[in-house]
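# this is a predicted model, with the sequence first.
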Amino acid sequence: MLKYLNLQKGVKFNIGIYILFMIIAVFGIIYGSSIKSNYSFLRVWEYQNILILLLGIPFLFLQSKANLPNLVETNISNQQRFFTPALIGAVFGILDVIVIKFMLHPEPYTELPPFLQPFPYSLFLYISGAFVIEVFYRLIPLSLILLTGKWIADGKYITSFFWIGAVLTSIREPIEQWPDGEVPFIVYAVLTGFVMNFLQAIHYKKSGFLASLTVRLGHYLFWHILLGIYVQYCELL
């Protein structure tokens with residue numbers, strides 16, 4: 001009975017946190033729409049994006065069944081769920097800033113490039129962007145893969161299913177965002193993209209969806225948000 005109550009509590013937390021991120025996305029749409037006339041390059045979500053996020057909600061009920069931690073699992077520390085993943089993401093973000101901005105594009109920008117947005121709107125866009133990517137790159141596919149692995153042969157091969165899922169979900173982003181440029185840069189972008197996604201899959205399995213999301217948020221903090229602030233207020237003034 002106690003186990004059932006804890007499970008129900010975990011699902012409620014899953015849904016509550018998920019809805020919180022959807023609310024952030026709605027505020028981003030409202031705020032972005034209010035300033036869109038000031039920026040020709042502003043990227044603003046459509047409300048259809050919020051509806052698409054509803055596809056992830058059924059999987060919030062299935063985390064424990066897929067041998068995945070709930071979003072707020074009591075036996076997982078904040079160090080495991082937030083601090084270590086954020087540090088990992090920050091390392092990848094700082095690397096991208098050094099390599100792409102300061103090594104490959106040291107000259108000042110004359111306008112914000114496509115991967116940057118004006119602050120503070122960038123906070124809403126990239127938090128929501130990280131969330132939607134993690135829903136469709138991690139939450140849905142890894143849950144489906146592990147549920148399948150648990151069903152086949154009574155879960156005998158579920159570990160193998162996880163590693164296959166980790167690899168498949170890790171190559172998706174580098175392939176979808178295949179970069180242009182010289183071969184060394186392409187190798188760097190594809191390799192770091194794969195490694196970061198692979199580490200996200202591992203942290204998802206160990207510490208839950210929020211750990212995977214925090215890795216990406218740590219990356220976005222430096223690569224999209226802080227770099228955007230630097231370009232906006234230092235290079236464009």
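Looks like it arrived, so ask away.
# pull the contacting residues for the closest residue in space to residue 149 that isn't next to it in sequence.
Leaving aside its chain neighbours, residue 149 sits nearest to residue 161 (2.8 Å; criterion: CB to CB, 6 or more residues apart in numbering). C-beta coordinates here come from the backbone N, C-alpha and C atoms, glycine included. Contacts for residue 161 were tallied using CB atoms under 8 Å, 6 or more residues apart in numbering; they are 145-146, 148-149, 152.
# try residue 127
21, 24, 28, 217, 220.
# buried ones among the residues you listed?
21, 28, 217, 220 (16 or more other CB atoms under 10 Å).
# what about those residues, which are in helices?
Of the buried ones among the contacts of residue 127, the ones assigned to helices by DSSP state H are 21, 28, 217, 220.
# give the buried residues for the helix or strand that contains the residue nearest to residue 149.
In the assignment (DSSP states H and E), residue 161 maps to helix 158-176. By neighbour count on 16+ other CB under 10 Å, the buried set for helix 158-176 is 158, 161-162, 165-166, 169-170, 172-174.
# could you single out the nearest of these to residue 139?
Distance to residue 139, by CB to CB, is smallest for residue 169 among the buried residues of helix 158-176, at 10.2 Å.
# you'd agree the closest one is up against residue 139?
No - using CB atoms under 8 Å, residue 169 makes no contact with residue 139, being 10.2 Å away.
# mind putting the buried ones among the contacts of residue 127 into JSON lines with pLDDT and distance to residue 95?
As requested, the buried ones among the contacts of residue 127 are arranged in JSON lines below (pLDDT from 0 to 100; distance: CB to CB, whole Å):
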{"residue": "21", "pLDDT": "97", "distance to residue 95": "26"}
{"residue": "28", "pLDDT": "97", "distance to residue 95": "27"}
{"residue": "217", "pLDDT": "98", "distance to residue 95": "16"}
{"residue": "220", "pLDDT": "98", "distance to residue 95": "13"}
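# between the residues you listed, which is closest to residue 88?
residue 217 (10.9 Å).
# residue 47 touches residue 32, doesn't it?
No - look at residue 47 against residue 32 with CB under 8 Å: they stay out of range, at 11.7 Å.
# more crowded one of these two?
Counted by other CB atoms under 10 Å, residue 47 and residue 32 do not tie: residue 32 has more neighbours, with 20 against 10.
# show me the shaky parts of the chain.
Scanning the chain for pLDDT under 70 picks out 1-8.
# tell me who's in contact with the residue positioned nearest the centre of the chain.
The C-alpha lying nearest the average C-alpha coordinate of the chain belongs to residue 130 (CA atoms, centre = their mean; 3.5 Å). Listed by CB under 8 Å, 6+ apart, the contact set of residue 130 reads 213, 216-217, 220.
# quick one: secondary structure of residue 40?
Following DSSP: H, G, I helix; E, B strand; the rest coil, the label given to residue 40 is coil.
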